[in-house]
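> Please find the sequence and the predicted model below.
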Amino acid sequence: MDLGLLGKTVLVTGGSRNIGRAIAAGFGAEGATVAVGYHSDEAGAARTAELVEKRGGRASTVRIDLGDQASVEAAAAEVVGAYGGVDVLVNNAVAWPGFPAPGEVFETAPVAMMRASLEANLLGHYVLSRTVVGPMRRNGWGRIVHISTGLVEDGRPGSSSYVTPKSGLHGLARTMSRELAGAGILTNVVMSGFVVDEHDMPEEVIAKAAAAAATKRTTTAAEVAAVVVFLCSAANGAVTGELVRADGHLLAPL
């Protein structure tokens, strides 16, 4: 199937590894030009760019600090300046706020942790989205996907500072859809499943995650990427404002 992405410009945040890398490679396979966003892992972003080009696309890297509005706007301007606009934005990056400290409960969790997470994991995506929408509107075509988690629907103890910004993306996507779909810009959320990345994970954690899914296995980054690429393609002309779970029907909390 021709997804109509040949020559389109795609910006993927958090593209240095794992899901972001798979998404970038998926667009590369469709002949897109991919700007691989990264925060600190420049070498990882460069490896992703190489993979995109091996798959048949064009690629470059761009540093983005989603907790810094000036950095977000500068990164978007760099991509727009290089390619004339952004046709597709995938807000994949996440700044992990950290695990609860021993003995920490809801009412003792640091407010500073929530504030920093809201800045990076919600406000940063909002600023980046609004920065690239102008060129999309002028072209009469655009696709935006926010990567989230099923924990927004299911909840998980000790994860307020992670889940709350992600839940904000759900409301943002649905509001953006109502505002922008008439201009040809479709906006959706993809909720990723438990994906084993290239870093070591305890086998018992992986086994527990697999058992919690209806598929009885963990989700692969490529499976998440396939959903994202379709939603961001010309083959999708009607799906907008939707929350799509790509998690093997994971029953959270684990």
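Perfect, I can see it now.
> residue ranges with poor pLDDT in the stretch 51-200 of the chain?
The stretch 51-200 of the chain contains residues with pLDDT under 70 at 198-200.
> Try it again at 80.
Along the stretch 51-200 of the chain, segments meeting pLDDT under 80 span 96-99, 154-158, 193-194, 196-200.
> which stretches of it form strands?
Ranges of strands within the stretch 51-200 of the chain are 58-63, 88-91, 142-149, 185-192, based on DSSP state E, counting those that start in this stretch.
> Need the winner for burial among the ones you listed.
strand 88-91 (a mean of 28; mean count of other C-beta atoms under 10 Å). In short, each C-beta sits where N, CA and C put it, glycine included.
> and Gly7, what pLDDT?
For Gly7, the pLDDT comes out at 94.
> meant to ask about Asp247
83.
> Report the spatially nearest residue to it, omitting neighbours in sequence.
Of all residues not flanking Asp247 in the chain, Gly193 sits nearest, at 2.9 Å (C-beta to C-beta, 6 or more residues apart in numbering).
> quick one: contacts for the residue nearest the centre of the chain?
By C-alpha atoms, centre = their mean, the chain has its centre lying nearest to Asn92, at 1.8 Å. By C-beta atoms under 8 Å, 6 or more residues apart in numbering, the contact list for Asn92 reads 12-15, 19-20, 23, 147.
> Mind checking which of the residues you listed are in helices?
Per DSSP state H, helices hold the following members of the contacts of Asn92: 19-20, 23.
> So which of those wins on neighbours?
Ile23 (32 neighbours; other C-beta atoms under 10 Å).
> Tell me what Ile144 is bridged to.
Beta bridges link Ile144 to Leu89, Thr187 when assigned by DSSP bridges.
> how much space between it and Thr187?
5 Å (C-beta to C-beta, to the nearest Å).
> Mind listing the shared neighbours of those two?
Common neighbours of Ile144 and Thr187, using C-beta under 8 Å, 6+ apart, are 173, 176.
> mind listing the helices for the stretch 101-250 of the chain?
For the stretch 101-250 of the chain, the helices defined by DSSP state H, counting those that start in this stretch occupy 111-118, 124-139, 151-154, 160-180, 203-212, 221-231.
> thinking again about what came up before, nearest to Arg245 among the contacts of Asn92?
When the contacts of Asn92 are compared for distance to Arg245 (C-beta to C-beta), Ile147 wins out at 11.9 Å.
> hang on, that closest one packs against Val195?
No. Assessed by C-beta atoms under 8 Å, Ile147 is found out of contact with Val195, at 10.6 Å.
> Need the overlap of contacts for these two.
19, 224.
> what does the model give Met201 for pLDDT?
pLDDT, Met201: 69.
> Quick one: neighbours of Thr175, just the number.
12.
> so is the closest residue to Ser60 other than its chain neighbours in a helix, a strand, or just coil?
Nearest residue to Ser60 in three dimensions, chain neighbours excluded: Ala35, at 5.5 Å (C-beta to C-beta, 6+ apart). Recorded secondary structure, Ala35: strand (DSSP: H, G, I helix; E, B strand; the rest coil).
> got a list of what Ala35 touches?
Taking C-beta under 8 Å, 6+ apart as the test, what Ala35 contacts is 9-12, 59-62, 79, 82-83, 86.
> Let's see that with 6 Å instead.
By C-beta atoms under 6 Å, 6 or more residues apart in numbering, the residues touching Ala35 are 11, 60, 62, 79.
> Could you save those residues as JSON lines and add columns showing distance to Ala246?
JSON lines is the format used below for the contacts of Ala35 (distance: C-beta to C-beta, whole Å):
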{"residue": "Leu11", "distance to Ala246": "20"}
{"residue": "Ser60", "distance to Ala246": "27"}
{"residue": "Val62", "distance to Ala246": "26"}
{"residue": "Val79", "distance to Ala246": "26"}
